[in-house]
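> after the sequence you'll find the predicted model.
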Amino acid sequence: MPAASGAVSRASASRSRAGAGHGPAWALARRAFRDARIRTIAFGYLFAIYAYVQPAGYRHAYPTLSDRLAFAHSFASNDALRLFYGYPYELLTVEGYSAWRVGGTLAIVAAVFGLLAAVRALRTEEDTGRTELILAAPVGRRTAYLSAMGAIGAGILILWLAEFAGFVIGGLPAGGAAYLALATASVVPVFVGVGALASQLAPTRRIALELGGAVVGLCLLLRVIGDTSPGADWLRWATPLGWAEELRPFSRAQPLVLLLPGAASAVLLVIAARIAAGRDVGTGVLPAHDSAAPRLRLLSSPTAQALRSERGGLITWLTCTGAFAFILGMISTSISSAGISKAMQEEIAKLGSGSILTPAGYLAFVFIFFVLAVSLFVCAQIGAARQQEADEQLETLLALPVSRGGWLGGRLLLAICATVTISGVAGLLTWAGAASQGVHISLPRMLEAGANCVPVALLFLGIAALAYAIVPRASAGIAYGLVTVSFLWDLFGALLGVPRWLVELTPFAHVGLVPVQPFRGAAAVAMVGIGLVAAVAALGLFRRRDLLGA
């Protein structure tokens with residue numbers, strides 16, 4: 001009996017020693033995956049729904065070959081649609097259409113996911129001081145880095161599975177669906193590498209996101225030029241977004257192209273790992289400016305200080321929105337109604353496209369995406385407020401003669417002013433781009449289209465603020481999730497054959513397609529009113545709750 005007891009003890013000790021060998025890496029990977037679960041679930045939901053809706057919608061809207069021929073004839077060479085979806089190869093089949101609509105769009109979303117995941121797992125952990133605490137334990141830099149990458153790898157697998165499931169439920173063959181989902185997912189590791197390298201170069205999370213975002217924007221620009229400019233198709237080989245297209249799912253597949261994202265990911269991740277191993281924690285390769293000439297502007301109040309801290313992001317939003325709006329205005333002339341019957345136009349409208357067969361109709365349609373962008377912007381503003389609390393800066397600020405209501409109210413006022421400015425710039429520069437190509441659209445109507453973005457954004461601002469006041473740690477996930485679900489429901493709800501009253505539950509369904517439709521004043525007043533009530537409730541609840549750290 002003692003011998004048996006000793007054997008059990010030795011076996012237990014052996015298991016403990018074996019667990020100690022991989023325990024820290026496994027624990028770190030699990031924690032990183034758990035921290036990212038809300039973001040991963042939100043992106044997975046988006047991938048699954050979008051992958052399901054496209055084949056199901058195309059099959060319903062274009063049931064005959066003649067319908068599909070008419071669609072392909074009118075849209076295959078349409079620069080305005082290539083800007084969003086990429087180059088089409090096989091529009092006469094459900095599979096080819098799905099590869100076009102899903103692959104081009106979700107590849108961009110996949111790039112954003114990869115960048116956010118890497119910066120959150122690396123640079124944000126350093127900025128909050130958690131990496132330093134981890135390394136104080138018997139954990140090496142290499143173990144911490146590989147654990148973070150392992151957690152991100154699990155997230156990529158979930159995205160692939162979500163997209164694959166959406167395709168299969170939508171009726172695509174399993175083999176092709178798996179390859180198409182792989183083409184989209186292949187973008188993620190490349191931009192994980194971009195985010196990892198940016199996290200080593202930049203001294204702060206904000207700068208890392210700005211560097212990575214610039215790379216995403218450059219890659220998208222190269223893909224757009226390659227897809228829309230004659231003779232420039234070779235540019236698709238210069239960007240990971242173009243590689244996803246060149247994999248050609250359901251159209252003369254080229255699986256060897258997977259070597260490009262694989263090699264690029266490996267190079268970027270290895271370089272990032274080597275830099276991480278040789279630098280101090282909390283620093284970056286790029287120097288941080290520890291001293292500068294005194295600049296006391298925008299330090300007169302908490303609201304002014306919030307503007308000072310957020311001005312870089314605001315300028316980025318304005319610049320990107322304005323540039324995109326100008327480009328959309330310029331390419332609106334490529335829309336043609338040749339060969340499209342009235343019945344076909346009605347089917348296109350069911351796809352969520354509205355009346356896009358004229359320059360004015362196309363611009364009215366694309367402003368739905370500006371409504372989405374501005375709604376996401378206000379979510380980011382509430383996220384910035386939450387970050388200030390999580391970093392314990394708010395605790396110090398409220399120890400001064402600053403009221404809770406005044407601080408949050410100032411944050412909301414800043415978000416409102418920025419929302420109006422971004423929306424106005426979108427309307428103005430869309431008109432300027434269209435006018436530069438000889439498209440005659442009224443400037444007041446395009447400014448009205450810009451104003452059309454504001455009511456929905458203010459509604460979501462109030463709801464996001466209320467979520468922040470009640471459940472601050474989950475507020476970002478709630479805000480972004482509501483905006484995403486509402487937009488997808490409006491875009492594809494009618495396509496799924498659900499009753500109209502269910503589709504109209506989303507605020508996006510109550511936005512008039514200005515300039516081809518009138519501005520819906522009553523709906524705008526209702527949305528602003530609901531947002532205001534939610535914001536007032538948020539101010540009251542925020543005054544009574546305790547501050548919560550990260």
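Happy to help now that I have it. Keep in mind that this is a model prediction, so the values were computed, not measured. Numbers count the residues shown, from 1 in each chain.
> list the buried residues for stretch 165-178?
Going by neighbour count (16 or more other C-beta atoms under 10 Å), the buried part of stretch 165-178 is 165-168, 170, 172, 176-178. Placement of C-beta: from N, CA and C, glycine included.
> closest to residue 328 out of those?
Lowest distance from residue 328 to the buried residues of stretch 165-178 (C-beta to C-beta) belongs to residue 166, with 27.8 Å.
> where's that closest one relative to residue 303, distance?
43 Å (C-beta to C-beta, to the nearest Å).
> got a list of what residue 332 touches?
Counting by C-beta atoms under 8 Å, 6 or more residues apart in numbering, residue 332 touches 80, 359-360, 362-363, 433-434, 437, 439.
> if we go to 10 Å?
79-80, 356, 358-363, 366, 430, 433-434, 437, 439, 441 (C-beta atoms under 10 Å, 6 or more residues apart in numbering).
> count of neighbours near the residue lying closest to it once chain neighbours are set aside?
In this structure, residue 332 finds its nearest non-sequential neighbour in residue 359, 4.0 Å apart by C-beta to C-beta, 6 or more residues apart in numbering. Summarising burial for residue 359: neighbours were counted as other C-beta atoms under 10 Å, giving 22.
> follow-up on the earlier one: just the contacts of residue 332: which are in strands?
Judged by DSSP state E, the subset of the contacts of residue 332 located in strands is empty.
> what is the nearest of the residues you listed to residue 416?
Nearest member of the contacts of residue 332 to residue 416, counting by C-beta to C-beta, is residue 430, at 21.6 Å.
> hang on, that closest one packs against residue 365?
No: when contacts are counted by C-beta atoms under 10 Å, residue 430 is not listed as touching residue 365 (11.9 Å).
> out of the two, which sits in the busier spot?
For residue 430 versus residue 365, neighbours defined as other C-beta under 10 Å are more numerous around residue 430 (30 against 21).
> mind listing what's buried along stretch 471-479?
For stretch 471-479, by 16+ other C-beta under 10 Å, it's 472, 475-479.
> helix or strand for residue 540, which one?
Assessed by DSSP states H and E, residue 540 sits inside helix 521-544.
> helices or strands next to that helix in the packing?
Judged by 3 or more C-beta pairs under 10 Å, 6 or more residues apart in numbering; DSSP states H and E, the packing partners of helix 521-544 are helix 359-390, helix 404-436, helix 454-470.
> for the buried residues of stretch 165-178, which one is nearest residue 45?
Comparing the buried residues of stretch 165-178 against residue 45 with C-beta to C-beta places residue 166 closest, at 9.8 Å.
> next, give phi and psi for the closest one.
When quoted as degrees, to the nearest 10, the phi and psi of residue 166 stand at phi -60, psi -40.
> could you measure from it over to residue 483?
For residue 166, the distance to residue 483 - C-beta to C-beta - is 20 Å.
> rewinding a little: please enumerate the shared neighbours of residue 430 and residue 365.
What both residue 430 and residue 365 touch, as defined by C-beta under 10 Å, 6+ apart, is an empty set.
> about what we covered before: which of the buried residues of stretch 165-178 fall within helices?
165-168, 176-178 (DSSP state H).
> quick check: the farthest pair among these?
Farthest pair in these, by C-beta to C-beta: 165 and 176, 14.2 Å.
> run a quick neighbour tally on residue 525.
11.
> thought it was touching residue 459?
No: counting by C-beta under 10 Å, residue 525 sits too far from residue 459 to count as a contact (11.2 Å).
> so in this protein, where's the weakest helix or strand by average pLDDT?
helix 342-348 (a mean of 49; mean pLDDT, DSSP states H and E).
> which residues in the stretch 1-150 of the chain form helices?
2-35, 37-61, 65-75, 79-85, 94-119, 125-127, 130-136, 141-169 (DSSP state H, counting those that start in this stretch).
> got the angle between the last one and helix 37-61?
Spelled out, it's helix 141-169. Here the directions of helix 141-169 and helix 37-61 differ by 20 degrees (axes from the mean of the first three to the mean of the last three C-alpha atoms, to 10 degrees).
> which elements pack onto helix 141-169?
Using 3+ C-beta pairs under 10 Å, 6+ apart, helix 141-169 sits against helix 2-35, helix 37-61, helix 94-119, helix 130-136, helix 174-185, helix 187-201, helix 259-278.
> rerun that using 6 Å as the cut-off
helix 2-35, helix 37-61, helix 174-185, helix 259-278 (3 or more C-beta pairs under 6 Å, 6 or more residues apart in numbering; DSSP states H and E).
> relative to residue 252, which of the ones you listed is closest?
helix 174-185 (12.2 Å).
> which outside residues touch the closest one?
Identification of contacts with helix 174-185 by C-beta atoms under 6 Å, 6 or more residues apart in numbering yields 95, 99, 103, 106-107, 110, 156, 159-160, 163-164, 167-168, 244, 247, 249-250.
> give me the mean pLDDT for it.
Helix 174-185 comes out with an average pLDDT of 93.
> hmm, back to that, now the ones in helices among the buried residues of stretch 165-178 in JSON lines, with distance to residue 490?
Listed next are these as JSON lines, based on distance: C-beta to C-beta, whole Å:
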{"residue": "165", "distance to residue 490": "23"}
{"residue": "166", "distance to residue 490": "18"}
{"residue": "167", "distance to residue 490": "22"}
{"residue": "168", "distance to residue 490": "25"}
{"residue": "176", "distance to residue 490": "29"}
{"residue": "177", "distance to residue 490": "26"}
{"residue": "178", "distance to residue 490": "30"}
